[in-house]
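Q: Sequence first, then the predicted structure, then my questions.
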Amino acid sequence: MGNTIIKVDYAVRKEIMKILNVTYPTIRKALNGESDTELSKRIRQTAIAKGGIKFKIVDK
């Protein structure tokens, strides 16, 4: 998962914080692909459902 990130607005991140009862660093790590726990997967699913966009990071 480390080479894919999900971009969402700050308002959506705050909404996910309330819905899933998590902290901002937890959301940041999940959306930046820095963690791959069940909670991170739920965060990513919720972000995509709320209009998040996946970006694939490619090396030059």
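A: Everything's here; your move. Quick caveat, the model's predicted, so the values are computed rather than measured. Numbering: from 1, shown residues only.

Q: residue ranges of the strands in the protein, please?
A: Here the chain has its strands, by DSSP state E, at 4-7, 53-56.

Q: so of these, which one's packed in deepest?
A: strand 4-7 (a mean of 16; mean count of other CB atoms under 10 Å). From N, CA and C alone the C-beta is placed, and that goes for glycine too.

Q: For that one, the averaged confidence score.
A: Per-residue pLDDT values over strand 4-7 give a mean of 94.

Q: Measure how far it is from the centre of its chain, please.
A: Computed by CA atoms, centre = their mean, to the nearest Å, the chain-centroid distance of strand 4-7 equals 7 Å.

Q: Now do it: everything it contacts.
A: 31, 32, 33, 44, 47, 48, 52, 53, 54, 55, 56, 57 (CB atoms under 8 Å, 6 or more residues apart in numbering).

Q: And stretch 36-52, by the same measure?
A: 1, 6-9, 12-13, 15-16, 19-20, 22, 26-27, 29-31, 54.

Q: repeat that with 7 Å
A: Here stretch 36-52 makes contact (CB atoms under 7 Å, 6 or more residues apart in numbering) with 1, 6-8, 12, 15-16, 19-20, 22, 27, 30-31.

Q: farthest-separated two in these?
A: Farthest apart among the contacts of stretch 36-52 by CB to CB are 1 and 15. That separation is 22.1 Å.

Q: All the helices of this structure, residue numbers only.
A: For the chain, applying DSSP state H gives helices covering 10-20, 24-31, 38-49.

Q: deepest of these, which one?
A: helix 24-31 (a mean of 18).

Q: Which other helices and strands does it contact?
A: Where contact means 3 or more CB pairs under 7 Å, 6 or more residues apart in numbering; DSSP states H and E, helix 24-31 is packed against helix 10-20, helix 38-49.

Q: Redo those helices as a markdown table? Include mean pLDDT.
A: As requested, the helices and strands packed on helix 24-31 are exported to a markdown table (pLDDT from 0 to 100):
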| stretch | mean pLDDT |
| --- | --- |
| helix 10-20 | 95 |
| helix 38-49 | 96 |
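
Q: Burial check on the closest residue to residue 57 other than its chain neighbours, number of neighbours?
A: Of all residues not flanking residue 57 in the chain, residue 3 sits nearest, at 4.7 Å (CB to CB, 6 or more residues apart in numbering). Residues contacting residue 3 under the criterion other CB atoms under 10 Å number 10.
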